[in-house]
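J.: I would like to see how this sequence folds:
(chains A, B, C and D)
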Protein chains: 2
Amino acid sequence: MPLQDALFRPVRAGNAFEETVERLMQAIRLGVVGPGERLPAERDLATRLGVSRVTLREAIRSLQDAGYVESRRGRYGGTFVNSPLPVPAPDRRVDPAELADALTLRWAVETGAAECAAGRALGPVERRNLLSRLAECRDASVDSYRRKDSRLHLAIAEATGSASLTAAVADARTRVNALLDRIPLLPPNLAHSNEQHELIVTHIVAGDPEAARRAMAEHLDGTALLLRGFLS
Amino acid sequence: MPLQDALFRPVRAGNAFEETVERLMQAIRLGVVGPGERLPAERDLATRLGVSRVTLREAIRSLQDAGYVESRRGRYGGTFVNSPLPVPAPDRRVDPAELADALTLRWAVETGAAECAAGRALGPVERRNLLSRLAECRDASVDSYRRKDSRLHLAIAEATGSASLTAAVADARTRVNALLDRIPLLPPNLAHSNEQHELIVTHIVAGDPEAARRAMAEHLDGTALLLRGFLS
DNA sequence: GTCCAATGGCTCGCTGACATACCTTTGGAG
DNA sequence: CTCCAAAGGTATGTCAGCGAGCCATTGGAC
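T.: Modelled structure (predicted):
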């Protein structure tokens, strides 16, 4: 019974160390903490992640070894994201079931988020956030595009006002990004993406839920098609 | 920055014991393992949940103490869900932010799931599953309604073919159900719910994504309104 | 020049959780 | 009637992860 598989799935995705590494990598790969920026202080971050400082430090240590961050001591020190970031060696093997699962999840949560965001009365902060993320995305280089793209999509999720939904979008994107890293990023796709972004944000700030949803669906279908084409 | 709050959320929702109890309760409260039915054997379940048998047994023990299950030894023994189930004492206090957050998440994932399910070519098994859940829901007593309702919604999520999305729907429903337990279940609402269920399933099996989504959105807005009315 | 607050770096004892092995009960197969 | 497979029940040694405290480094405030 597949329903029981979904409910009786593992309670832990790994040990505390591994999950902590995943979280930090997620923040870096999604561009939530960009190159040159500082992570929260260890004591603070450990509390937020619900993990001991020892465990957090082991995780940070492994990110240092992998070249993602550097730590400096002293007041105004901290752990900083490196620039440029190392490019991860992509594994070639893709499980088609994982691909379908990740794309379906992303499709559901992101179209839902877009429609939901468009249906709310946005505050000036949220509106500005959306527009500046959109602009950053338009101006992004090929190197930084995936991060800026993720930031825009996360800003849309944030505009729903639901932290859980934002987290769900972040997780879905992390999974899809891991797959996207295995296919080339072509300038024409990038331009097309930007047009669609523009459309989505326009509909959201205009408060047209149906249109926002449709635009987001089309956008996601585009990259889904690319992924399936390259990986199947 | 609320985005960082979403990403740097706790890596663990509690200790292994607590999370295991939550999972088992989820399966029981959502009716995935109904009254009189048997849970998977301890060794099997412990493996699936990624938890040691000792920890699982502590969790089961606490469910026994709370009156939710009973264990029998010997071949063809096992842990069985009690009938009738004890009714949990509801805490009165509801955090309005939690309410909004849970409802938004559920809205996004469930409308997405409905549309997605309608857009797929359903196999005969999935179709039959949907229809029989629908029938069970229609015939359900007031006592068992919430469970049958959850089963139907989970069947819709299952029909997307995505285990992750199914899990997301289960989690969202668990949170919302915990809130619904604090308000009365009135027969007129119940009848209305059943009409909407009929509509949703019809659109899904007919393969009309837009209509399925709209019907689901309306259905969810209905219970959301009820909740907000009673709890705010 | 001195001090100090904030940061990363380190150590140690304690506890929760785990893996493993074995025991006990039960009901059907033969 | 006997046996045995499958299930729950129990015991033990090991280790990851935690909390708490202290040390080392740094750069600004005074």
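
J.: please make it C-alpha for all contacts and neighbour counts, starting now.
T.: Noted.

J.: what ranges of chain A fall below the confidence cut-off?
T.: A:1, A:91-92 (pLDDT under 70).

J.: how about 90 then?
T.: Applying pLDDT under 90 to chain A picks out residues A:1-3, A:83-94, A:121, A:143, A:181-189, A:230-232.

J.: that one: helices as residue ranges?
T.: A:2-7, A:16-29, A:42-49, A:53-65, A:96-118, A:124-139, A:145-158, A:163-180, A:187-206, A:209-231 (DSSP state H).

J.: redo the ones you listed as CSV? Include distance to chain B and mean neighbour count.
T.: Output for the helices of chain A, formatted as CSV (distance: least, C-alpha to the nearest C-alpha, whole Å; neighbours: other C-alpha atoms under 10 Å in any protein chain shown):
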stretch, distance to chain B, mean neighbour count
helix A:2-7, 5, 17
helix A:16-29, 7, 20
helix A:42-49, 4, 17
helix A:53-65, 11, 17
helix A:96-118, 4, 24
helix A:124-139, 11, 17
helix A:145-158, 7, 24
helix A:163-180, 5, 22
helix A:187-206, 15, 18
helix A:209-231, 10, 18
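
J.: which among those is found nearest to B:Ala172?
T.: Closest to B:Ala172 of the helices of chain A, according to C-alpha to C-alpha: helix A:163-180, at 9.3 Å.

J.: the closest one packs against which elements?
T.: With contacts defined as 3 or more C-alpha pairs under 8 Å, 6 or more residues apart in numbering or on different chains; DSSP states H and E, the packing partners of helix A:163-180 are helix A:96-118, helix A:145-158, helix B:2-7, helix B:96-118.

J.: with distance to B:Asn177 as extra columns, can I get the helices of chain A in JSON lines?
T.: Shown next, in JSON lines, are the helices of chain A (distance: least, C-alpha to C-alpha, whole Å):
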{"stretch": "helix A:2-7", "distance to B:Asn177": "16"}
{"stretch": "helix A:16-29", "distance to B:Asn177": "28"}
{"stretch": "helix A:42-49", "distance to B:Asn177": "27"}
{"stretch": "helix A:53-65", "distance to B:Asn177": "35"}
{"stretch": "helix A:96-118", "distance to B:Asn177": "20"}
{"stretch": "helix A:124-139", "distance to B:Asn177": "30"}
{"stretch": "helix A:145-158", "distance to B:Asn177": "23"}
{"stretch": "helix A:163-180", "distance to B:Asn177": "16"}
{"stretch": "helix A:187-206", "distance to B:Asn177": "30"}
{"stretch": "helix A:209-231", "distance to B:Asn177": "26"}
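
J.: who wins for proximity to DNA strand C among the ones you listed?
T.: Of all these, helix A:42-49 sits nearest to DNA strand C, with 3.9 Å by C-alpha to the nearest atom of the strand.

J.: tabulate the CA atom coordinates of that closest one in CSV.
T.: Provided in CSV are the C-alpha atoms of helix A:42-49 (Å, rounded to 0.1, in the frame of the first residue of the first chain):
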residue,chain,number,x,y,z
GLU,A,42,27.2,29.8,15.6
ARG,A,43,25.4,30.0,18.9
ASP,A,44,22.4,31.7,17.2
LEU,A,45,22.3,29.3,14.3
ALA,A,46,22.6,26.2,16.5
THR,A,47,19.6,27.3,18.5
ARG,A,48,17.6,28.0,15.4
LEU,A,49,18.4,24.7,13.8
